[in-house]
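**Q** Fold the following, please.
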Amino acid sequence: MSVKLNHTIVHARDKRAAAEFLAEILGLPAPRPFGPFLVVQTDNEVSLDFLQTDGAFVTEHYAFLVSEQEFDAIFDRIRARGLRDWADPMHEREGRINTRDGGRGLYFEDPSGHNLEILTRPYGS
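**A** Numbering: from 1, shown residues only. Just a heads-up that it's a prediction; the model follows:
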């Protein structure tokens with residue numbers, strides 16, 4: 001048996017806003033309810049299960065490997081929403097795209113402050 005990541009729980013101030021934001025920005029199917037979660041399914045069988053909380057939580061980093069065409073479409077949606085974006089995870093190079101390993105990548109935040117990344121090539125490839 002191989003080990004695969006199946007799902008992760010993403011804490012959010014407003015699970016509907018956060019789940020819908022991710023699905024829309026990445027061009028994924030609409031979130032579906034499952035118990036207390038709103039589930040966003042990615043194309044590699046991993047889901048992000050959004051859970052609403054009023055308590056404190058640590059913002060996390062979620063990186064999504066996308067094709068060049070998907071990158072362009074996502075980038076267009078980021079810009080259309082007027083979102084800030086950065087070339088680096090520390091948010092020091094605003095409005096720029098990184099070109100690590102011959103691909104493209106950028107970072108942006110979701111409504112709960114999680115640091116999202118899209119990249120077209122895995123690091124180290």
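**Q** tally of neighbours for the closest residue to residue 52 other than its chain neighbours?
**A** Spatially, and ignoring its direct neighbours in sequence, residue 52 is nearest to residue 15 (4.0 Å; C-beta to C-beta, 6 or more residues apart in numbering). Quick note: C-beta positions are derived from backbone N, CA and C, even for glycine. The local packing of residue 15 (other C-beta atoms under 10 Å) involves 21 other residues.
**Q** Pull the contacting residues for residue 15.
**A** By C-beta atoms under 8 Å, 6 or more residues apart in numbering, the contact set of residue 15 is 37, 38, 50, 51, 52.
**Q** now swap in residue 98 and tell me
**A** So residue 98 contacts 87, 88, 104, 105, 106 (C-beta under 8 Å, 6+ apart).
**Q** Please produce JSON lines containing those residues, extended by pLDDT.
**A** Listed next are the contacts of residue 98 as JSON lines, based on pLDDT from 0 to 100:
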{"residue": "87", "pLDDT": "98"}
{"residue": "88", "pLDDT": "96"}
{"residue": "104", "pLDDT": "98"}
{"residue": "105", "pLDDT": "98"}
{"residue": "106", "pLDDT": "97"}
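**Q** which one of these sits closest to residue 123?
**A** Using C-beta to C-beta, residue 105 is the member of the contacts of residue 98 that sits closest to residue 123, with 8.5 Å.
**Q** Near that closest one, how many other residues are there?
**A** Quick note: residue 105 (other C-beta under 10 Å) scores 23 neighbours.
**Q** same thing with residue 8?
**A** When counting by other C-beta under 10 Å, one arrives at 11 neighbours for residue 8.
**Q** From what I see, it and residue 49 are in contact.
**A** Yes - at 7.0 Å, residue 8 counts as touching residue 49 under the criterion of C-beta atoms under 8 Å.
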